[in-house]
Each structure stands twice: as C-alpha cells, then as structure tokens.
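Trainee: everything below, folded, please.
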Amino acid sequence: LISVIIPTWNSARFLPQALDSVFAQQYEPCEVIVVDDGSTDNTAVILGAYADRITCIRQANAGSASARNTGLQHARGEYVVFLDADDWLLPGKLHVQADFLNTHPEYGMAHSGWFLCDEAGNVLQIVEPWTEVPDLTLVNWLKHRPVNLGAFMFRREWLERVGGMDPSLRQSHDVDLVLRLALAGCQAGWVCLPTMAYRRHRKSTTLAGALQQARCSVAVIDRFFERPDLPPEVAEMATGTRYYSALWAAWYLLDKGLVEEVASYLQLCRSLSEKRPLPLVFDWLTHLVRWTERAGRPVEQVMAIVPVVAAVVPEVANGLWERFVGWWLARRPFLAADAFALA
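Mentor: Below is the predicted model of the structure:
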C-alpha cells in the first residue's frame, strides 16, 4: 500500500490536476490523503468531487509541515509520497519507485528527478540531480542538498522513526527531514528519471515567503550542526556548509528581486570565510552566476547585487564584478580567474 499525502492551502485552482495525476497512476493499492490546512477558497468544493476516492482531513492553518504530519498520522501505507497541491505526478512514478524499494530493502528513500514548470505547466527544465550527486550520502546531502520532496518515495517506518516533519519550520522542513533521516542511517538511492512536475508560480509558498525561506534555510543548517551526535567527518564540515548555506540564501533573495535583503547574508559569508577579499568575491561570483544559470535565469540579473558587494567588501575595486559577468557570458571564465589572481 502506498499513501499519497497532499497538503493544500488555497490551491483549488491546481488541486484537480494533482489528484488526477495520482489516480492516473493506476497503482493498487493506493490511498490518497488530502489535508486541507485552513483553506478559504473553494478547496472544499473541489475535494467534494473526489470524496469517494480520498480521505479528507481539515485543520486550522498550521503550515505545510504540520499538514504533512497530520497526513502521516493517518497513513497506513508501507510507502509514502508527499505531493504539493500545485504539483503533479508523472506517469509511472508510483510503480517505478515502489519497484525500486521492493528490490532494495536496504534503502529507506527512493529519490528521482523532476520537471521544473511554469505556472501554465510548460516544462522549463528537466532536473536530473544524480548527474552531479551520484551518491546520496550524508556528506553529499549537506554539500548539495538535491531535495524536492515530491520526487521522493519514503518508507513510512523511517518517517515515523525520526518523528516526521518539524512543524516549527514553515520552510525548508524538507531539507531538515532528509538530513535527520540520513543522520539516523536511512539510505537513499536514485531512480534515474523524472517522476513529478514542480510548478513555479507567483503565489507559490517559496515565492511569497522568500524572506522566510532564506531564514529557514540558514536556520536548518545552523541547528543541524548544533547536534552533539554528528560523526567527526560531518562535524568538521560546519563552517563550510554554513558559508554556502548563507550564500545560497543571498542568491535566493537576489533571484526573487529582494536585493536590499542580501547584505546580511553576504556579511555572514564573510564572517565565516578566511579568504582574502578578491578570492572571496570570486567565489561569490562563481556560485551566484552558476545558480542563476541553473535556474534558467539571465546571468545579467546578477549585476543587481554590485552595490551590495561593494558595501560588504569595499576592498574590491569597482568594475571587477561587471567584467566577470561579461567574461562568463562569453564563456571565458578563466579570464576572471586571471583578473582575481587565482589562475
């Protein structure tokens, strides 16, 4: 039995596609649990049309982590899939990931790729994380964090063993969950194909709550490294991981157009690094540009951060940032390395 848990909050517009994608899997046995987290739109009407095929639970708004925990408490399946109400499953997902876990009893998580789509459902990018992170070890979860909750299938016993989601986290509770699972010894393996579609739209939680997302992403990593039970090789990663977590938060805010909020995260990066100013800025540039490219954004948008960098690292001469971006667009980043005396 597979339990598909769908938390929803004011997502009536997209909910039918999510539900229909589960029923189109034609996997038996499967139960669908929808947790309405205090919706005020016509979600109840939508769910009423599926009343004979789903278990519907309503609760006061408490966040998606709480809603997922509520669903987990009612789940009976050996395997669990979490699907956001504005996303959808691709054909065959339940079959291929259940087959993987059936044939690999040593794994507690089956991970996969996904389609990144726009609001209308058009595919913007096919994400295949296994090309960069072939081995899903705790070290690699920390370094790369290739987490998209809907792309997983979990053994329910493992979710219950670690206590499910942390309801105090309104964002990044998926990363927190995977880190706790990996630390507890839960192994993960790849099903090397996309199994779900992730919709990026104006009203998505990660966009509306950008500031909260940035804060939570840093807080999850900080709290993880406060644990006393970390293996020595993991504990020694604390400074570097916190550095790149703060840098990612800076990029995330830049990507959402919140340039004025970036400075505090770059200042945190600087406090965590022993690099000299030029190598430090070169590292920032390299990662910000790469993350921008991977997100399918124009590299030129990185230019918006120039005044912030100038304020955080005033030792760096004016113009280097602009020249770097120009070289990157010309596919000649080695020239930037020369300019920063790093070649």
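Trainee: need the phi and psi values for Leu89.
Mentor: Dihedral pair for Leu89: phi -90, psi 140, per degrees, to the nearest 10.
Trainee: so it sits against Val22, correct?
Mentor: Yes. The criterion here is Cβ atoms under 8 Å, and Leu89 meets it with Val22 at 5.9 Å. For glycine as for every other residue, the C-beta is placed from the backbone atoms N, C-alpha and C.
Trainee: mutual contacts of these two, please.
Mentor: Common contact partners of Leu89 and Val22 (Cβ atoms under 8 Å, 6 or more residues apart in numbering): Leu83.
Trainee: does Phe115 count as helix, strand or coil?
Mentor: Taking DSSP: H, G, I helix; E, B strand; the rest coil as the rule, one finds Phe115 in the strand state.
Trainee: can you list the weak-confidence ranges in the chain?
Mentor: Applying pLDDT under 70 to the chain flags residues 202-208, 317-322, 324-343.
Trainee: please tell me how far Arg199 sits from Asp87.
Mentor: Note on Arg199: its distance to Asp87, by Cβ to Cβ, to the nearest Å, is 6 Å.
Trainee: can you count the residues close to Pro307?
Mentor: As a burial measure, Pro307 scores 14 neighbours (other Cβ atoms under 10 Å).
Trainee: which strand or helix spans it?
Mentor: Using DSSP states H and E, the element containing Pro307 is helix 306-312.
Trainee: can you get me a residue count around Thr241?
Mentor: Neighbour count of Thr241, defined by other Cβ under 10 Å: 20.
Trainee: to clarify, my last question referred to Gln73.
Mentor: Per other Cβ under 10 Å, the neighbour tally for Gln73 reads 12.
Trainee: quick check: buried residues in the helix or strand hosting it?
Mentor: Gln73 belongs to helix 64-74 when assigned by DSSP H and E. Of the residues in helix 64-74, 64-72 count as buried by neighbour count, 16 or more other Cβ atoms under 10 Å.
Trainee: which pair of the residues you listed spans the longest distance?
Mentor: Across the buried residues of helix 64-74, the longest distance by Cβ to Cβ is 12.3 Å; it joins Ser64 and Leu72.
Trainee: in the stretch 151-300 of the chain, which spans are strands?
Mentor: 153-155, 187-199 (DSSP state E, counting those that start in this stretch).
Trainee: format those strands as TSV; extra columns: mean neighbour count and distance to Arg290.
Mentor: Shown next, in TSV, are those (neighbours: other Cβ atoms under 10 Å; distance: least, Cβ to Cβ, whole Å):
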stretch	mean neighbour count	distance to Arg290
strand 153-155	25	29
strand 187-199	19	20
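Trainee: tell me which of the ones you listed sits nearest to Val127.
Mentor: Using Cβ to Cβ, the nearest of the strands of the stretch 151-300 of the chain to Val127 is strand 187-199, at 7.2 Å.
Trainee: can I get that closest one as CSV, trimmed to CA atoms?
Mentor: The C-alpha coordinates for strand 187-199 follow below in CSV (Å, rounded to 0.1, in the frame of the first residue of the first chain):
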residue,chain,number,x,y,z
GLN,A,187,20.0,5.2,3.0
ALA,A,188,18.7,6.7,-0.3
GLY,A,189,19.1,5.6,-3.9
TRP,A,190,18.3,7.1,-7.2
VAL,A,191,15.6,6.2,-9.7
CYS,A,192,17.2,8.0,-12.6
LEU,A,193,14.3,9.6,-14.3
PRO,A,194,11.8,12.5,-13.6
THR,A,195,8.8,11.3,-11.6
MET,A,196,7.0,14.6,-10.8
ALA,A,197,6.4,18.1,-12.0
TYR,A,198,7.2,21.1,-9.8
ARG,A,199,5.3,24.2,-10.6
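Trainee: let the chain start at 59 from now.
Mentor: In the new count, where the first residue is 59, that last one comes out as strand 245-257.
Trainee: tell me the gap between it and the middle of its chain.
Mentor: Distance of strand 245-257 from its chain centroid, counting by Cα atoms, centre = their mean, to the nearest Å, is 13 Å.
Trainee: could you do stretch 324-337 as well?
Mentor: Distance, stretch centre to chain centre, for stretch 324-337: 25 Å (Cα atoms, centre = their mean).
Trainee: before we move on, what about stretch 270-281?
Mentor: Worked out by Cα atoms, centre = their mean, stretch 270-281 lies 12 Å from the chain centre.
Trainee: one step back: which of the buried residues of helix 122-132 lies closest to Asp280?
Mentor: Nearest to Asp280 among the buried residues of helix 122-132: Ala123, at 17.8 Å, using Cβ to Cβ.
Trainee: the closest one contacts Arg228, doesn't it?
Mentor: Yes. Counting by Cβ under 8 Å, Ala123 touches Arg228, with 7.3 Å between them.
Trainee: Asn68 is in contact with Thr101, correct?
Mentor: Yes. At 6.9 Å, Thr101 and Asn68 qualify as touching, with contact defined as Cβ under 8 Å.
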